[in-house]
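Trainee: need a 3D model of the sequence below.
(chains A and B)
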Amino acid sequence: MKNIIYIQFKMGGLDTMKSIKAQKIFIILIILMVLVSCSKDVNNTMGEDKDIQYKEAKLDVLEEFKDIEFFSVSNNDKLAVSGLKGEDNYIIITDNNNIIKEIKENSKSIESPFTYDNKGNLIFLDQIIKRENEEITGFLRRLRIYDSEYNLKNKNITNTIEVGKEELKNEMIVEIKVDSNGNIYALKLDNSIEVFNNKLEVIKTLDSDEYKDFDLDENDNLIVLNKKGDNIILEKLDGKKYSSMWKKEYKSSKRPYYISYNKKNKTLYGVNGGWILEYDTKEDTVNRITNLGELSTFDYIYNFSVNDNEEIYALTYGDKKSRFFKYIKDNRKKAKDEDTEKKELVIDMYRDYFNFMLKAKKSFEKKHPDIKITINTHPDIEFSQYREKLNTQILVGDAPDILYYDSVFPINDYIDKNVLFNMDERIKNDGEFNLNNYNTEIIDSTRLKGGAYVMPIDYSFDTLIVNKKLLDEKGININKEWTWEDIYKLKNKLNTDEDNKYYIFPKFENDWFIKTNIINQDLEYFLDYKNNKVRFNTDEFINKLKLIKNYYSEDCMDPNMSYEYIFDNHREADCSNIAMIPAQFNSYKYINHFGAYYGDNFNMISLPRGKYTNDRFFSSGLVSITKNSKYKDEAWEFVKFLLSKEVQLIDKGVFSVNKEVEKIQIKQMFTWQKENKGYLLSKGRYLAEKTDVDKVKKEINKLNKVFIYDEFLKIIDEEVSLYINGEKTAEETAKILQNKGELYLQE
Amino acid sequence: MQLKIKRGEKLSILLFLAPSLIGLLVFYIIPFGGMIFYSFFDSPINGSFVGFKNYIELLNNKIYRQAVYNTVIFTGISVPLIIVISLILAILLNKKVYFKHKLRTSFVVPLVVPVASIILFFELFFDSNGFINYLISKLGLTTIDWMNSNWAMVVVIILYIWKNVGYNIILFLAGLQNIPKEYYEAADIDGAGVLDKFFNITIIYLIPTMFFVLIISIINSFKVFKELYLLAGDYPHQSIYMLQHFMNNMFRKLDYHKLVTSAILMAIVVYLLVFILFRLQRRINDYIGG
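Mentor: Residues are numbered from 1 along each chain as shown, chains lettered A, B, ... in the order given. As a prediction, this is how the structure comes out:
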């Protein structure tokens, strides 16, 4: 042993030298490791946000033209739009803010989509209805070509199809594009694509999918957007064989609603909400270019094009009219200094549907130039991830000032953890805020844990549309307080004779209705937080379970008619042998929809309230101020602003809490109904009357509790499903839920 | 012996240790310190100082005590059981057996099977309409609702032993092979029986290995939570509701004060346990080493 240590010491000198060398190598290795690991993640499905700023371009030349509803951009950036000047329809061709040509449209065409081809010719497809003795016999399609000097070239290329009035709608062409061989691709209203040659003869019809939009690439291949169920599929078809070259599926916030292909840059663009997205199919990334919703105010974009310089043309719809915009790149750097003196409010929400919050922000900032609002949305992450992200932010103290969310958040937990600010004091002491201008019952019903921690901005609720005719025939009174047991008894009361089979409900493809509603309204009784009691292992719960099972097992639901089908097809779905159909009421306009279920017979009953709690739920978009916000006064001003007439009038398709706005919305609905009577009747909708509005109001007055999701509902749902499948008895299920509930409540 | 550390070497020692030290500091020590700090507040967000109230409340919480009880029972039953089983199997596998290597491999395989596959099979076996109940009903007995009754503990113990026995066998095999054969031969000459040899040679010389296996098995008994969570969810039957379930749920419900308090208590207990074990081991080593 001793010798070994002696030798070690002797080697000491050598060791030191070796160790210095080793040190150097080691340091280099560490630096390399750090550099390599800090490089960007290559495998991103969401590409980087392009940091290009855009601004609206002034289109002075187009100011005298109204109602611009169609446009096309040529390869050398000439813009052709169709618009109204005075009473006449014109096609205006501009080049960098100079009008080159104005063509007066006087053809009898019902709609003439047009497009530029690759050589700069402007091609129109006129569609003229042919009539014989007041009867519609068909369509005359006529090709109209203007050369690059805008002189009419050919005129007599026509194509006639024989259709009746019913199929006319389906044959109408809404968009055309021309390839380098002069072939014309046309998108029809029935979501099919027809390919014509330059003599307007049909070469190919593509109707196997539901095509929503299309464009051509530089090799004359066809890029299509087709809808399959809830998903959007982007597909490239070969220009000659129409076989699929590649296919990509996109969901939710990455899916394009319209597409545009730029042949020079070989880039595919799509639009989603207000966002312009760039799709790189080779690298499989989606880049966000800009949110046009931040630059202009509109509801949605329905046509767009991106030119060689990445400038964007967009046709938008908002405020009941279409508006045309051009956006050019803004080379100014973002002005930073002027913002440091402003007070900043940060709003966090999952998604900003209809750009509603953006619109509110712009108006508010104009009124309060000393306040700057930043809206954080999270369109690219899953909802559960967003919830976790928000929780983490709150935990580390980086909470936003204002939260806008709905019932699927752990709001009660937030209140317990002192995250939310109680607005009670502000409501009482703010002279400008008069609670009586708003629906006080709804606002009262969103009080949680004894305080105004959330403020409802809007609300919606579920109800049951009843087949009054059938129930009257059978002598059943609908004007009473229905319970789930009463509804179940209908099964026998309706089927009194052997000839006709009657059902209580339609069937549900997405099975939630019966399971959820029978238990949800009474959750507070079975999982009693206040008294720290769990009551699942009781006769009351077991009876509920048995009732649910009865609904499923004994012919209560019509196997031939589904709830989803009825919602999509209303009048065409024959519901005469179904007693009740669930309906989710989001606004008064839905009366047009639900009234058609039973052939102009609009009657409803409320969903049974909680048997032991008397709760009648509604859903609501809620806004809260966080407790550690530095600008609570300003945040309160913004909350008030969200409830004000200006913001509540922004059409989000939900009921408003502002009483005045509610009256206006009802009036607007009746006006809209009168103006669009023909359209509504042709679609099979029901025309609402004042008594119907009163019926809906009566239901709204019964609502008494905002629905806040409780995690335990998911566990209940799983166990109840096992019970319905027959894998467990009711007593076993009750016992299991009792155990789980006790753990959950008393942890 | 004191080794003089030369100047140049001091720096290189620190540099080589630095990555691990920094990692340890940032990911363990500093957060742990933060946890201890937070455990004296009632909420990490806008909380106020409450002293030891969290600890007292937690110790009075019926569900927390249930979780601790279940964890202790589980570890207390399964760890000795697995040590005995793996020791016996290791001794058997140490002898001349047919397919010795294949058998050894087959015991290690459960460690590398993906968790999802394990869950699939355990569900197939132990569901109330599963395979085991099918066999039981064929025998004419009443079926047992495995996961929703007190038998659930049995399922978890089987899961734990099945998964970890391979690891322990390998450790024991290594320990067994370190015992010089001369001792056994000497004992044979002295006329010792099988049991004498076992208790006086094998066990004694396996004691260092045994300690290691003990600690590893205790750690693995905590790791079984992964499979258990996938099998039974957030709220299993109350007999298998473990400490980790409690902590997981507290995190999800934003009850961070309860979470850090229970984690610190658990850390203290584990620390004491390991401390005692190491002391014991040193004593016994001194006793053997002489």
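Trainee: specify the beta-bridge partners of A:Ile402.
Mentor: A:Ile347, A:Ile625 (DSSP bridges).
Trainee: I misspoke; the intended subject was A:Leu79.
Mentor: On the basis of DSSP bridges, A:Leu79 is bridged to A:Val73, A:Thr94.
Trainee: which residues touch it?
Mentor: A:Leu79 is in contact with A:71-73, A:93-95, A:313, A:326, counting by Cβ atoms under 8 Å, 6 or more residues apart in numbering or on different chains. Just so you know, the C-beta spots here come from the backbone N, C-alpha and C atoms, and that holds for glycine as well.
Trainee: could you tell me how many residues sit around residue 93?
Mentor: I went with chain A, as the question did not name one. 20 (other Cβ atoms under 10 Å in any protein chain shown).
Trainee: oops, I was thinking of chain B
Mentor: B:Leu93, neighbours per other Cβ under 10 Å, totals 18.
Trainee: how about the helix or strand harbouring it: buried residues?
Mentor: In this structure, B:Leu93 is located in helix B:62-94 according to DSSP states H and E. Using 16 or more other Cβ atoms under 10 Å in any protein chain shown as the test for burial, helix B:62-94 gives B:63-64, B:66-68, B:70-71, B:74-75, B:77-79, B:82-83, B:86-87, B:89-91, B:93-94.
Trainee: which ones are touching B:Leu93?
Mentor: Counting by Cβ under 8 Å, 6+ apart, B:Leu93 has contacts B:100, B:103-104, B:169, B:173.
Trainee: in chain A, what residue lies closest to chain B?
Mentor: A:Lys740 (4.0 Å; Cβ to the nearest Cβ).
Trainee: touching, A:Tyr261 and A:Asn219? I think so.
Mentor: No. The criterion here is Cβ atoms under 8 Å, and A:Tyr261 misses it with A:Asn219 at 11.0 Å.
Trainee: what about those two, which has more around it?
Mentor: Legend: neighbour count by other Cβ under 10 Å for A:Tyr261 and A:Asn219, higher for A:Tyr261 (21 against 12).
Trainee: for the closest residue to the more buried one other than its chain neighbours, phi and psi?
Mentor: Excluding its sequence neighbours, the residue lying closest to A:Tyr261 (Cβ to Cβ, 6 or more residues apart in numbering or on different chains) is A:Asp215, at 4.1 Å. Dihedral pair for A:Asp215: phi -160, psi 170, per degrees, to the nearest 10.
Trainee: so what's A:Asp215 up against?
Mentor: A:Asp215 neighbours (Cβ under 8 Å, 6+ apart): A:177, A:222-223, A:259-261, A:268.
Trainee: write the ChimeraX selection for whichever of the residues you listed are buried.
Mentor: Filtering the contacts of A:Asp215 down to the buried ones (16+ other Cβ under 10 Å) takes a single ChimeraX command:
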select /A:177,222,223,259,260,261,268
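Trainee: keep only those of the contacts of A:Asp215 that are in helices.
Mentor: Of the contacts of A:Asp215, none are assigned to helices by DSSP state H.
Trainee: including distance to A:Gly239 and pLDDT, could the contacts of A:Asp215 go into JSON lines?
Mentor: Listed next are the contacts of A:Asp215 as JSON lines, based on distance: Cβ to Cβ, whole Å; pLDDT from 0 to 100:
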{"residue": "A:Lys177", "distance to A:Gly239": "12", "pLDDT": "92"}
{"residue": "A:Leu222", "distance to A:Gly239": "6", "pLDDT": "90"}
{"residue": "A:Ile223", "distance to A:Gly239": "10", "pLDDT": "90"}
{"residue": "A:Ile259", "distance to A:Gly239": "16", "pLDDT": "91"}
{"residue": "A:Ser260", "distance to A:Gly239": "18", "pLDDT": "92"}
{"residue": "A:Tyr261", "distance to A:Gly239": "13", "pLDDT": "91"}
{"residue": "A:Leu268", "distance to A:Gly239": "16", "pLDDT": "91"}
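Trainee: closest to A:Lys359 out of the contacts of A:Asp215?
Mentor: A:Ser260 (25.0 Å; Cβ to Cβ).
Trainee: residues contacting the closest one?
Mentor: Counting by Cβ under 8 Å, 6+ apart, A:Ser260 touches A:215, A:268-271, A:304-306.
Trainee: mind checking the SS state of the residue in the stretch 151-290 of chain B positioned nearest to chain A?
Mentor: The minimum distance from the stretch 151-290 of chain B to chain A, using Cβ to the nearest Cβ, falls at B:Tyr235 (4.0 Å). For B:Tyr235, the assignment made with DSSP: H, G, I helix; E, B strand; the rest coil gives coil.
Trainee: all helices in the stretch 1-150 of chain A, in order from the N-terminus.
Mentor: Under the criterion DSSP state H, counting those that start in this stretch, the stretch 1-150 of chain A contains helices at A:2-10, A:12-37.
Trainee: quick one: B:Leu280 from B:Ile218, how far?
Mentor: 14 Å (Cβ to Cβ, to the nearest Å).
Trainee: compare these two (neighbour count), which wins?
Mentor: B:Ile218 (16 against 12).
Trainee: name the element that one belongs to?
Mentor: Going by DSSP H and E, B:Ile218 is part of helix B:203-223.
Trainee: which residues touch that helix?
Mentor: B:74-75, B:78-79, B:82-83, B:86-87, B:160, B:163-164, B:167-168, B:171-172, B:174-176, B:178-179, B:183, B:244, B:273-274, B:277, B:280-281, B:284-285, B:288.
Trainee: next one: the helix or strand following it to chain centre, how far?
Mentor: Downstream of helix B:203-223, the next assigned helix or strand under DSSP H and E is helix B:225-232. Put simply, helix B:225-232 sits 15 Å off its chain's centre (Cα atoms, centre = their mean, to the nearest Å).
Trainee: before we move on, what about stretch A:474-482?
Mentor: Worked out by Cα atoms, centre = their mean, stretch A:474-482 lies 37 Å from the chain centre.
Trainee: can you check stretch A:342-352 too?
Mentor: That offset, for stretch A:342-352, works out to 20 Å (Cα atoms, centre = their mean).
Trainee: enumerate the residues of chain B near chain A.
Mentor: Chain B comes close to chain A at residues B:1, B:6, B:8-9, B:11-12, B:15-16, B:19, B:43-47, B:61-64, B:128-129, B:145, B:148, B:233-235, B:237-238, B:241, B:246, B:249-250, B:252-256, B:258, as judged by Cβ under 8 Å from any Cβ of the partner chain.
Trainee: quick one: pLDDT of residue 181?
Mentor: Looking at chain A here, since you left the chain open. For A:Asn181, the pLDDT comes out at 87.
Trainee: you looked at the wrong chain, it should be chain B
Mentor: 84.
Trainee: likewise A:Asn197?
Mentor: 88.
Trainee: where does it fall, phi/psi-wise?
Mentor: phi -90, psi -170.
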